[in-house]
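**Student:** Structure of the sequence below:
(chains A and B)
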Amino acid sequence: MSLINKFWRHAAAGVAGVAVVLSAGVAMAEWPEKAVTVIVPWAAGGGTDATARAVAEGLQKKFGQPFNVVNRTGGGGLVGHSAIVQGAPDGYTLGVVTIESAMYEAQGLKGVTPADLTFIGRFNADAIAVNIRPDAPYSDLKGLIEAVKADPGGVAASGANRGGLSHLAWVGLLQKAGIDPVAANWVASDGSAPALQQLTSGAIAVVSTSPAEAKALVEANQAKTIAMISSERSPLYPDLPTSDEVLGIKWSPLPFRGLAGPKGLPDDVVQKVSAALKEITEDAEFKKFMTSRGFSVAYQDAPTFAATVKAAHDGLSETMKAVGLAK
Amino acid sequence: MMSFETFETAFFMVMAPSVLLAILIGSVYGLFIGALPGLTATMATALLVPITFYMEPLAAIALIVSSTAMAITAGDIPGALIRIPGTPASAAYTEEAYEMTRQGKAGEVLSLGFFFSALGGLIGATVLLVSGPALAQVSLNFSSFEFFWLATLGLMTCALVSSDNPIRGAVSLVIGLLLSTVGLDVTTGQPRFTFDVLELSGGISFIPVMIGMFALSEIIRGFTALERELPPAPKVGDIKPYRGMFALLRRYPMSVVRGTSLGSAVGALPGVGGDLAAWIAYGMSRKFSKTPEKFGTGHPEGLVEATSSNNAGLSSAWIPALVFGIPGDAVTAIAVGVLFMKGVSPGPRLFIENPTMPTAIILTFFVANLLLLPLGWFAIKGARHVLSVPRAVIVPMILLCCFVGSYAVNNTLFDVWTMLVAGVVGYLLERNGFPIAPIILGLVLGPVLERNFIMSMQIARGDLLGFFERPVAGGLGIVVCTILVLAIHRAWTRRGQGPDASDPATVLPDVPNSTKGNLQ
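**Tutor:** All right, here's what the predicted structure looks like:
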């Protein structure tokens, strides 16, 4: 009796085990067998959105399944990043993460830390630039900094949410230039597109965002890019001076864009997508697209990308503490 | 502006068979997507992107243009026939359109939708062709201060016109605004009213609420009406598409002029344009009408103005995107992405270096809007079959549409529950004379209003007078304040005229007509 019982128990366990292995094997072998959602935490029309759509199209071509870009905005990207973290780790919810994902923890915002994500690969990294109105009373970074020194609250700046990288890059720059960052007037916006609209309408004086996002407006003489907040000149904009050379400081926050998924994403999905991303970043058409919009292509594989994010997380937390934004 | 040669080249580019075919396919596709409740123009466009990969640049854009123009127009069909508005813009006049259908004028209301949409679209495209870059220049001067006042204006006109009793309209509006505060705060990411429920952190999406409050509440009402189990199926008669449209045009020429100019102007503002135009147009139409008391009883005048503003706004939404690379909504953002993939970068240089391309894009608007008329003819004819289905069959089908439509937005069951709750709440509100359209607009515009208010306050460093310091903002602010003061003044004097205002007997006529219809 007990023998038979034992037999059945073993058999059942065995069958179950085989079934699990089989179903797992089948599911993974066929990934992606349905549409994949790519969550973008920033508004449609911004730089992250544009590059995400290009990458999603590339992935779609590679895997033959739709990669649907979904903009989940709000809360300075926290809503979208949370949606990525909280997605099922089955490979059908991926997202484009930005450097903000490494900053929420220090801001005291719960739900997203680098440890909650599986990093797949980076495809872009561009320094933030300082943009002003073409009719401003100053025409270079030195003049602008003097104006802020004279009236720190009078020069309103925008580019992202309060505590976002745009904000940190700007106040960090002010702090290194010897201005109390707490006195500066930062206008929280939902990305660079609404901030640029505020700049052209004359409501604010400075937008700190990547030079690519202001490119069309600069060509139309509605905005002017005066410097990169970085230590090195960009190969795409060799004529733009860096804040380090103009002000003799050292401050180089480098934002990134990359693919990630929820924690516990299957390894082979990471490998597949990471390899596909590498191919996409080597594709001539993609490169042409990125250059035409002024984005540099900067691929990093999964482990390198994870290390980059970790380093950014540690460095920015320190800066935010110094500026008084950390909680 | 533009040379004749440019125009000629652009014209022949659009007349290429591949482009015309793309417009035809896009329109038919848009017709189906738009007519299905819950599927939006944005979704329609997103699904097209992989197909555009294999197309020439102009054909790809033509596909997107024609499918969105058609989807927005076709969004009026379920609104008129089964009271499910296809888009937030058509929610402005769903009540009125459905009332016309109930009176057996389904053919007229659908013809009106297609005819004046096409007309509005054609005029909007002409405005684009003539003054596109200049319009873009103007739109760049709008800051958060102006956006705040525009959003306020839209909300206020909606509250004032959607019911005979502005107080009830305002109550509905506030309910919508309060619902829009659920979720993570836009400025600091602080969770509000989420009760640690994961789904609530993203906020309450308006499509399930819209479907529930309009369609489900109508079904509930059908089952709870005292005398009949269901409202009478509208008489169809012989539907003759487009009959009497020129007579309408002759009777309300100013409505078309006002609607299209408002649509073109407001549509060009990135971010708020499209949805607002129809609401303001409908309110304006009532203000200027010789017979404002007929509004809400199945009167075509407001429909003429609102539908024509809708499609006029659609084309001008492309202007900030093409000229300055600032897309105003998800549709133009996708289109800009497609253009980049095709090696056409939007921006002022496009108009100088390659002016035939933007001209050709605008010309596709003409063709797509002209195509609305023949395709609309089939849709109107086909509508008869929808209406002649027995109620016992159509109600389960509407219910199915409600479920599928609300599920399809975010692919979550949570949204289905939202739809069900909204349906019950909408039914109770309407039974007690509270209009539901302002709730939807409050939900859609609440985040826009809040974000622009906070941004403006940060710029003005907490000084409320900042809202009047810029010339345009000051002008808009004075208009808004005047309307508000006048409305309060009128309510006050009406109250002073007699004590009967608080008497239930005089409050009863304020009940929206659809409710009255069932209580008869």
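**Student:** Please save the CA atoms from the host helix or strand of A:E57 in PDB.
**Tutor:** A:E57 belongs to helix A:47-63 when assigned by DSSP states H and E. Provided in PDB are the C-alpha atoms of helix A:47-63 (Å, rounded to 0.1, in the frame of the first residue of the first chain):
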ATOM      1  CA  GLY A  47      14.600  62.400 -26.500                       C
ATOM      2  CA  THR A  48      14.100  59.200 -24.500                       C
ATOM      3  CA  ASP A  49      10.800  58.600 -26.300                       C
ATOM      4  CA  ALA A  50      12.400  59.100 -29.800                       C
ATOM      5  CA  THR A  51      15.300  56.800 -29.100                       C
ATOM      6  CA  ALA A  52      13.100  54.200 -27.500                       C
ATOM      7  CA  ARG A  53      10.900  54.100 -30.500                       C
ATOM      8  CA  ALA A  54      13.900  53.600 -32.800                       C
ATOM      9  CA  VAL A  55      15.200  50.800 -30.600                       C
ATOM     10  CA  ALA A  56      11.800  49.200 -30.400                       C
ATOM     11  CA  GLU A  57      11.500  49.200 -34.100                       C
ATOM     12  CA  GLY A  58      14.800  47.600 -34.400                       C
ATOM     13  CA  LEU A  59      13.900  44.900 -31.900                       C
ATOM     14  CA  GLN A  60      10.600  44.300 -33.700                       C
ATOM     15  CA  LYS A  61      12.500  43.700 -37.000                       C
ATOM     16  CA  LYS A  62      14.900  41.300 -35.200                       C
ATOM     17  CA  PHE A  63      12.400  39.200 -33.300                       C
END
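**Student:** Which helix or strand lies directly C-terminal to that helix?
**Tutor:** Counting by DSSP H and E, what follows helix A:47-63 is strand A:67-71.
**Student:** Quick one: list the elements packing against that next one.
**Tutor:** Where contact means 3 or more C-beta pairs under 8 Å, 6 or more residues apart in numbering or on different chains; DSSP states H and E, strand A:67-71 is packed against strand A:36-40, helix A:47-63. Where C-beta positions appear, they are placed from N, C-alpha and C, glycine not excepted.
**Student:** will you turn these into TSV that also has mean neighbour count, distance to chain B and mean pLDDT?
**Tutor:** Formatted as TSV, the helices and strands packed on strand A:67-71 follow (neighbours: other C-beta atoms under 10 Å in any protein chain shown; distance: least, C-beta to the nearest C-beta, whole Å; pLDDT from 0 to 100):
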stretch	mean neighbour count	distance to chain B	mean pLDDT
strand A:36-40	24	8	93
helix A:47-63	23	4	90
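**Student:** I'd like these written out as JSON lines, with distance to A:G264 added.
**Tutor:** Below are these laid out as JSON lines (distance: least, C-beta to C-beta, whole Å):
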{"stretch": "strand A:36-40", "distance to A:G264": "17"}
{"stretch": "helix A:47-63", "distance to A:G264": "21"}
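**Student:** how near is the residue nearest to B:M213 when sequence neighbours are not counted to B:L276?
**Tutor:** Among residues not flanking B:M213 along the chain, B:G426 sits closest, at 3.3 Å (C-beta to C-beta, 6 or more residues apart in numbering or on different chains). B:G426 sits 22 Å away from B:L276, taking C-beta to C-beta, to the nearest Å as the criterion.
**Student:** These two: which has the busier surroundings?
**Tutor:** Counted by other C-beta atoms under 10 Å in any protein chain shown, B:G426 and B:L276 do not tie: B:L276 has more neighbours, with 31 against 27.
**Student:** Phi first, then psi, for the spatially most central residue of chain A.
**Tutor:** In chain A, the residue lying closest to the centroid (C-alpha atoms, centre = their mean) is A:T98, at 1.6 Å. Backbone torsions of A:T98, given as degrees, to the nearest 10, read phi -120, psi 180.
**Student:** Which strand residues bridge it?
**Tutor:** A:R257 (DSSP bridges).
**Student:** wait, what's in contact with it?
**Tutor:** A:P41, A:W42, A:T48, A:G77, A:L165, A:P255, A:F256, A:R257 (C-beta atoms under 8 Å, 6 or more residues apart in numbering or on different chains).
**Student:** and of those, the nearest to B:S289?
**Tutor:** A:W42 (43.1 Å; C-beta to C-beta).
**Student:** you'd agree that closest one is in a strand?
**Tutor:** No: according to DSSP: H, G, I helix; E, B strand; the rest coil, the state of A:W42 is coil, so it is not within a strand.
**Student:** For it, which non-adjacent residue is closest in space?
**Tutor:** Closest to A:W42 by C-beta to C-beta, 6+ apart is A:T48, at 4.4 Å.
**Student:** returning to that earlier point: the helix holding A:E57 vs strand A:67-71, what angle?
**Tutor:** Put simply, helix A:47-63 runs at 160 degrees to strand A:67-71, going by axes from the mean of the first three to the mean of the last three C-alpha atoms, to 10 degrees.
**Student:** Could you check the angle helix A:47-63 makes with strand A:36-40?
**Tutor:** Using the same axes, to 10 degrees: helix A:47-63 against strand A:36-40 is 170 degrees.
**Student:** Which parts of the stretch 101-250 of chain A are strands?
**Tutor:** Secondary structure of the stretch 101-250 of chain A by DSSP state E, counting those that start in this stretch: the strands cover A:117-125, A:128-132, A:156-158, A:185-187, A:206-209, A:224-229.
**Student:** Tell me how far B:L200 lies from chain A.
**Tutor:** 11 Å (C-beta to the nearest C-beta, to the nearest Å).
**Student:** which regions of the stretch 51-200 of chain B sit below the pLDDT cut-off?
**Tutor:** By pLDDT under 70, the low-scoring segments of the stretch 51-200 of chain B are B:53, B:161-164, B:186, B:188-189.
**Student:** For it, which segments count as strands?
**Tutor:** B:183-184, B:191-192.
**Student:** Check which residues of stretch B:88-97 are buried.
**Tutor:** For stretch B:88-97, the neighbour count (16 or more other C-beta atoms under 10 Å in any protein chain shown) marks B:P88, B:A89, B:S90, B:A91, B:A92, B:Y93, B:T94, B:E95, B:E96, B:A97 as buried.
**Student:** residues making contact with it?
**Tutor:** B:72, B:75-76, B:79-80, B:83-85, B:109, B:113, B:158, B:162, B:206, B:210, B:214, B:274-275, B:277-279, B:281-282, B:295-296, B:298-299, B:302-303, B:306-307, B:310, B:435, B:437, B:440-441, B:444, B:512-514.
**Student:** wait, does the helix or strand containing A:K288 contact chain B?
**Tutor:** A:K288 is part of helix A:284-292, with elements assigned from DSSP H and E. Yes: interface with chain B: helix A:284-292 contributes A:E285, A:K288, A:F289, A:S292 (C-beta under 8 Å from any C-beta of the partner chain).
**Student:** Please read off the pLDDT at the first one from the model.
**Tutor:** Per-residue confidence at A:E285 stands at 88 (pLDDT).
**Student:** okay, now it: neighbour count?
**Tutor:** 13.
**Student:** How about the second one?
**Tutor:** Applying other C-beta under 10 Å, we find 13 residues neighbouring A:K288.
**Student:** what does the stretch 401-520 of chain B put close to chain A?
**Tutor:** Checking the stretch 401-520 of chain B against chain A by C-beta under 8 Å from any C-beta, the hits are B:P447, B:R451, B:I454, B:M455, B:S456, B:Q458, B:I459, B:R461, B:R470.
**Student:** Go through the helix holding A:K288 and flag the buried ones.
**Tutor:** A:F286, A:F289, A:M290.
**Student:** do stretch B:467-484 as well
**Tutor:** B:F467, B:F468, B:R470, B:V472, B:A473, B:G474, B:L476, B:G477, B:V480, B:I483.
**Student:** List the contacts of that stretch.
**Tutor:** Contacts of stretch B:467-484 (C-beta under 8 Å, 6+ apart): A:202-203, B:141-143, B:145-146, B:148-150, B:152-153, B:156-157, B:160, B:456, B:460.
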